[in-house]
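In: The sequence isn't on hand, but the structure is:
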Ligand code: PHE
């Protein structure tokens, strides 16, 4: 048996020999069963044989396994220096990248991300935002109405309401999401993305708003951005402003902002004599266009990989 083990050519052969020796009807198994009837000397002999055979099996197994591994390595090696076909790696879409960058900036400034539904009820999209039915400001936004009276949210401002209703104040939140209006040309789509910020506390002022907008834009574009505000009107802020950003030698309209209207706070059970805050909102598809030098917003959503590649993404 010892020679047979030493000369085994394969793991299968070795396994067969092992069964022959240590299996249920194996030769060694049979000897071990008789141990109780043997003298001490005889026992020592059987024990020694047992140990020796097990050792032989073990060594042979290791030897055969190594041989198998070496044979495999010899035939299946990979030549890492060979040229290979380039694999295309996926990248984030410019809009997704913009979203991530903006979120990172706002989070670094202490704003917490909130989300809300894209199909909104009248209360959150309009009424709670101090825009009751028949309010002329409803015409500012060409709304998609659903048959049940709900709307495709026209602005992420609805999420301000949801957040304040849920956790009250003080609050420092932002929201990012799709919004919908009936419009479409090279710079407008019926579905676009807005970013919204809200900060309500006991001593939040208009200068906090201006500083926040400037910091947000400067961090996003990674350069010092000049902004200016112009008086404007939104039902849910008072005073209301629109803010522009200096881009080259032009002023670009970015979005709306203002101090949260007392009625909006009241609608969320917040006492406006105690708390005040600012809110801002703007479309960020445009920001992606500016940051990455893209011209036609519609191309963002064509899903044309050739175009995406040309953008450097
Ligand atoms: N919701 C406004 C819009 O869509 C923007 C805005 C948000 C204005 C917050 C003021 C405060 O035009």
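Out: Yep, that arrived. In this text, all values refer to a predicted model and were calculated from it rather than measured experimentally. Numbers count the residues shown, from 1 in each chain.
In: give me every residue that touches residue 233.
Out: Residue 233 makes contacts with 137, 240, as judged by CB atoms under 8 Å, 6 or more residues apart in numbering. (Glycine included, C-beta is placed from N, CA and C.)
In: how about 7 Å then?
Out: Residues counted as contacts of residue 233 (CB atoms under 7 Å, 6 or more residues apart in numbering) are residue 240.
In: Please tell me how far it sits from the ligand.
Out: When distance is defined by CB to the nearest ligand atom, to the nearest Å, residue 233 is 10 Å away from the ligand.
In: How about residue 84?
Out: Going from residue 84 to the ligand by CB to the nearest ligand atom gives 50 Å.
In: likewise residue 299?
Out: Per CB to the nearest ligand atom, residue 299 is found 23 Å from the ligand.
In: Just the pLDDT at the residue of the stretch 51-200 of the chain found nearest the ligand, thanks.
Out: Residue of the stretch 51-200 of the chain nearest the ligand, by CB to the nearest ligand atom: residue 155 (3.6 Å). pLDDT, residue 155: 95.
In: what does the stretch 201-313 of the chain put close to the ligand?
Out: 234, 237, 255-258, 279-281 (CB under 6 Å from any ligand atom).
In: Show me which pair in the residues you listed is furthest apart.
Out: Maximum pairwise distance in those, criterion CB to CB, is 11.7 Å, between 237 and 255.
In: These two - which one has more neighbours?
Out: residue 237 (25 against 21; other CB atoms under 10 Å).
In: where along the chain do the strands fall?
Out: Taking DSSP state E as the test, the strands found in the chain are 112-114, 119-120, 151-152, 171-180, 191-201, 227-234, 237-247, 250-260, 276-283.
In: Out of the ones you listed, which is the most enclosed?
Out: Mean neighbours per residue, mean count of other CB atoms under 10 Å, is largest over those for strand 276-283, with a mean of 23.
In: Touching that one from outside, list them.
Out: Under CB under 7 Å, 6+ apart, the answer for strand 276-283 is 155-157, 160, 192-201, 204, 206, 208-209, 213, 237, 254-260.
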